[in-house]
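1. any chance you could fold what I've pasted below:
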Amino acid sequence: MSKIFSIQGSMAVGKTSALKKLKELHPEINIVFEDNNQIFELINRRKLDKDVRNDYQEIQKLFIENEIRKYNSAKSQNTSIFDFGAEEIDFYTLNYPISLGYDWQVSKNLSNKLESLHKAFPDRILFLSASKEKLISNKNEDKSRTRNFFDFYLENLLPLKEEYFKNLDNVDYLDVEDLSIEETAKAIYTWVCNNK
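-> Got it, this is the predicted structure:
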């Protein structure tokens with residue numbers, strides 16, 4: 001029976017770096033990296049604006065459908081780890097408008113889509129945590145990404161995200177403040193093995 005896991009946490013906490021290292025150490029594990037380029041191309045082609053309510057809902061439908069496809073594909077593997085899974089799309093869909101002070105009734109307007117998305121949630125989620133100082137340091141050291149959204153994310157979305165994940169019953173936590181990328185990768189592997 002396949003098991004699906006997800007690695008969660010703040011932007012710049014080191015999820016992707018740790019999963020790349022884990023892939024080096026354990027190539028037998030199917031790791032599903034976040035890749036939304038096709039979705040962004042479609043959004044741009046359709047000229048959708050995430051700060052306009054109807055456009056935002058259309059954008060989130062695209063993300064939801066894409067995430068369900070990824071989940072269904074991963075079910076054919078013995079063990080899969082997502083660099084963000086369906087729970088991330090659920091969180092963002094519901095909370096991005098709130099972070100801007102909008103009351104868009106997203107949960108009501110997208111209820112059928114969100115219900116389908118919930119069926120694609122991982123078996124277990126590991127939430128990587130670190131101090132704001134560590135996140136800022138990681139962000140400044142990583143020259144491979146621009147992360148223009150980082151400051152807004154840290155102040156407005158991260159507190160909502162931490163609250164969202166406290167309310168799920170399949171979340172474990174790993175403090176990565178003093179862990180190297182390799183140590184984080186090994187801790188993720190141990191966690192996966194303990195939850196199979």
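2. count the neighbours of Tyr189 for me.
-> By the criterion of other CB atoms under 10 Å, Tyr189 has 17 neighbours. For glycine as for every other residue, the C-beta is placed from the backbone atoms N, C-alpha and C.
3. an error on my part: the question was meant for Asn78.
-> Asn78: 11 neighbours (other CB under 10 Å).
4. how about the strands in this structure?
-> 3-9, 30-32, 79-83, 124-129, 171-175 (DSSP state E).
5. packing partners of the shortest one?
-> Using 3 or more CB pairs under 8 Å, 6 or more residues apart in numbering; DSSP states H and E as the contact criterion, the secondary-structure elements in contact with strand 30-32 are helix 15-25, helix 53-74, strand 79-83.
6. Asp172 is nearest to which of those?
-> Taking CB to CB, strand 79-83 is the member of those nearest to Asp172, at 13.2 Å.
7. partner strands of that closest one and their direction?
-> strand 3-9 (parallel), strand 30-32 (parallel) (DSSP bridges).
8. mind listing residues that contact the last one?
-> Residues from elsewhere that reach strand 30-32 (CB atoms under 8 Å, 6 or more residues apart in numbering): 19, 22-23, 70, 74, 77-83, 85.
9. export the residues you listed to JSON lines and tack on distance to Asn140?
-> Below are the contacts of strand 30-32 laid out as JSON lines (distance: CB to CB, whole Å):
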{"residue": "Leu19", "distance to Asn140": "21"}
{"residue": "Leu22", "distance to Asn140": "24"}
{"residue": "Lys23", "distance to Asn140": "25"}
{"residue": "Lys70", "distance to Asn140": "31"}
{"residue": "Ala74", "distance to Asn140": "33"}
{"residue": "Gln77", "distance to Asn140": "36"}
{"residue": "Asn78", "distance to Asn140": "38"}
{"residue": "Thr79", "distance to Asn140": "34"}
{"residue": "Ser80", "distance to Asn140": "32"}
{"residue": "Ile81", "distance to Asn140": "27"}
{"residue": "Phe82", "distance to Asn140": "26"}
{"residue": "Asp83", "distance to Asn140": "21"}
{"residue": "Gly85", "distance to Asn140": "27"}
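10. could you tell me which of those residues count as buried?
-> Buried by 16 or more other CB atoms under 10 Å: Leu19, Leu22, Lys23, Lys70, Ala74, Gln77, Thr79, Ser80, Ile81, Phe82, Asp83, Gly85, out of the contacts of strand 30-32.
11. which pLDDT value goes with the residue most central in space within the chain?
-> Here the mean C-alpha position of the chain is nearest to the C-alpha of Phe84 (CA atoms, centre = their mean), at a distance of 2.7 Å. What the model reports for Phe84 is a pLDDT of 94.
12. dihedrals phi and psi, the nearest residue to it once chain neighbours are set aside?
-> Closest residue in space to Phe84, ignoring its immediate chain neighbours: Glu34 at 5.0 Å, by CB to CB, 6 or more residues apart in numbering. Dihedral pair for Glu34: phi -70, psi 120, per degrees, to the nearest 10.
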